[in-house]
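Peer 1: sequence-free structure coming up:
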């Protein structure tokens, strides 16, 4: 089983970092420079800050792509499908086993 990855940064920290990037983005020559500089000041990587910024834009509908809620729903549905497939395999094996056992018994009326 895959271990769940926990974030080092709270949702509140991420929101504040994105808000800070939005407020000061015009002070830098490009978005990547702004992410790198502001991320460095906050103690996170510029790539992380850029990812958070893109996701925040998706969540409000200004950038195409799945929202945070949609991504969580997709993951939950994938997990449910995986569990149902495992249960289905178990039921198939149990059915085959009991069918074999039934064939080995003498027929009773």
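Peer 2: Nice, thanks for sending it over. Because the structure is predicted, anything quoted here is derived from the model rather than measured.
Peer 1: quick one: low-confidence parts of this protein?
Peer 2: Within the chain, the stretches with pLDDT under 70 are 1-6, 105-109.
Peer 1: domain assignment for it?
Peer 2: Per automatic domain parsing, the domain ranges recorded for the chain read 8-65, 67-109.
Peer 1: I'd like those as JSON lines, with mean neighbour count appended.
Peer 2: Where you see a C-beta, it was placed from the backbone N, CA and C, and this is true even at glycine. Below are these laid out as JSON lines (neighbours: other Cβ atoms under 10 Å):
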{"stretch": "domain 8-65", "mean neighbour count": "14"}
{"stretch": "domain 67-109", "mean neighbour count": "9"}
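Peer 1: element containing the closest residue to residue 15 other than its chain neighbours, please.
Peer 2: Spatially, and ignoring its direct neighbours in sequence, residue 15 is nearest to residue 56 (7.7 Å; Cβ to Cβ, 6 or more residues apart in numbering). Using DSSP states H and E, residue 56 maps to helix 46-60.
Peer 1: what about that helix, distance to the chain center?
Peer 2: Centroid displacement of helix 46-60 relative to its chain, using Cα atoms, centre = their mean, to the nearest Å, is 14 Å.
Peer 1: quick one: list the elements packing against it.
Peer 2: For helix 46-60, the packing partners by 3 or more Cβ pairs under 8 Å, 6 or more residues apart in numbering; DSSP states H and E come out as helix 11-24, helix 31-42, helix 68-104.
Peer 1: switch the cut-off to 6 Å
Peer 2: Counting contacts by 3 or more Cβ pairs under 6 Å, 6 or more residues apart in numbering; DSSP states H and E, helix 46-60 is packed against helix 11-24, helix 31-42.
Peer 1: quick one: it to helix 68-104, angle?
Peer 2: Between helix 46-60 and helix 68-104, the angle comes out at 90 degrees (axes from the mean of the first three to the mean of the last three Cα atoms, to 10 degrees).
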